[in-house]
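Next come a sequence and a model predicted from it.
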Amino acid sequence: MSQLPDAAALEQFGRRIRGALAEPEGSSLAAMFTAPLVTALVVDANEAISAPWLERAVLEVRDALQRIGIARGRQFVLLGRRTPEPEPALAAGVAGLRARLGLAVLVHEPNAPAFTAGRLPTGEVIELDDELREAEAIVCVGEWSASTDGARGGPYLLVPGVASLATRRAWAARRAQEGERGALALALAAEREAVVDLALSWSADGRVRAGRGRTQFDAVVTEAALSLGQAW
């Protein structure tokens, strides 16, 4: 869904997002968020700045959370990046995004202080953006895709998206040694250490799904593996 949408297409997409949020798989939003929790909306930085689809999805999540009692002042957006290099256009884009969303927007810096969410049985330490230490709930929002060139979105919004340099290196090492399957396995395991309360994702063909992060991440990764067969 990289093409720029017209107003009608964007509104149709918004309706699909609202429908998914109205009936998440497995549980209602009210059951997932039983109090006005400080909630971090984790998204990809480049897409947040340049993709109207993602911005519309974040607006729909913001409003859905507000309807169940999580005010805008208790929500913030955390922009993660798959690669740690700074983006020259990012600073200018963040100011505009902050104004359009009406939310605090923070940019993850991989070399900034991080907190340790846990350690995997295989030894990798899961270190995430220090802002997530203060979050009482985590929501991941973004397009999911997988191809022989790799995957994006899904569990990668968490790791490597908002992970420290050390955890990024561990993820990259797993990818180099075991391929995309190994990298995805590490990202899925990281979610066990930093639970994602809600994941909202969509595919290039417009399918939208919402539900608890663990269930959603497992589902999209399994679906990708089945569709690609031995390509990974």
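Yep, that arrived. Note that the structure is a prediction, hence the values are computed from the model and not measured.

now the nearest residue to L157 once chain neighbours are set aside, what's its secondary structure?
The spatial neighbour of L157 that comes closest, neighbours along the chain excluded (Cβ to Cβ, 6 or more residues apart in numbering), is C140 at 4.4 Å. To be clear about C-beta, it is placed using only N, CA and C from the backbone, and glycine gets the same treatment. The assignment at C140 comes out as strand when based on DSSP: H, G, I helix; E, B strand; the rest coil.

where's C140 relative to L10, distance?
Shown here: C140 relative to L10, a distance of 21 Å by Cβ to Cβ, to the nearest Å.

So for those two, which sits in the more crowded spot?
Between C140 and L10, counting by other Cβ atoms under 10 Å, C140 is the more crowded of the two (30 against 15).

close enough to count as contact, that one and G213?
Yes: with the criterion set as Cβ atoms under 8 Å, C140 and G213 qualify as a contacting pair; they are 6.1 Å apart.

Give the residues shared as contacts by these two.
Listed as contacting both C140 and G213 by Cβ atoms under 8 Å, 6 or more residues apart in numbering are 196, 198-199.

give the contact list for the residue nearest the centre of the chain.
In the chain, the centroid-proximal residue (Cα atoms, centre = their mean) is C140; its distance is 3.1 Å. With contacts defined as Cβ under 8 Å, 6+ apart, C140 is in contact with 42-43, 154, 157-158, 196, 198-201, 213.

Show me the shared contacts of C140 and G213 that map onto strands.
If you go by DSSP state E, the shared contacts of C140 and G213 have 198-199 in strands.

Using JSON lines, lay out the shared contacts of C140 and G213 together with pLDDT and neighbour count.
As requested, those are arranged in JSON lines below (pLDDT from 0 to 100; neighbours: other Cβ atoms under 10 Å):
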{"residue": "V196", "pLDDT": "96", "neighbour count": "22"}
{"residue": "L198", "pLDDT": "97", "neighbour count": "25"}
{"residue": "A199", "pLDDT": "97", "neighbour count": "31"}
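
Looking at the shared contacts of C140 and G213, which one is closest to E47?
For the shared contacts of C140 and G213, the minimum distance to E47 (Cβ to Cβ) is 15.3 Å, reached by A199.
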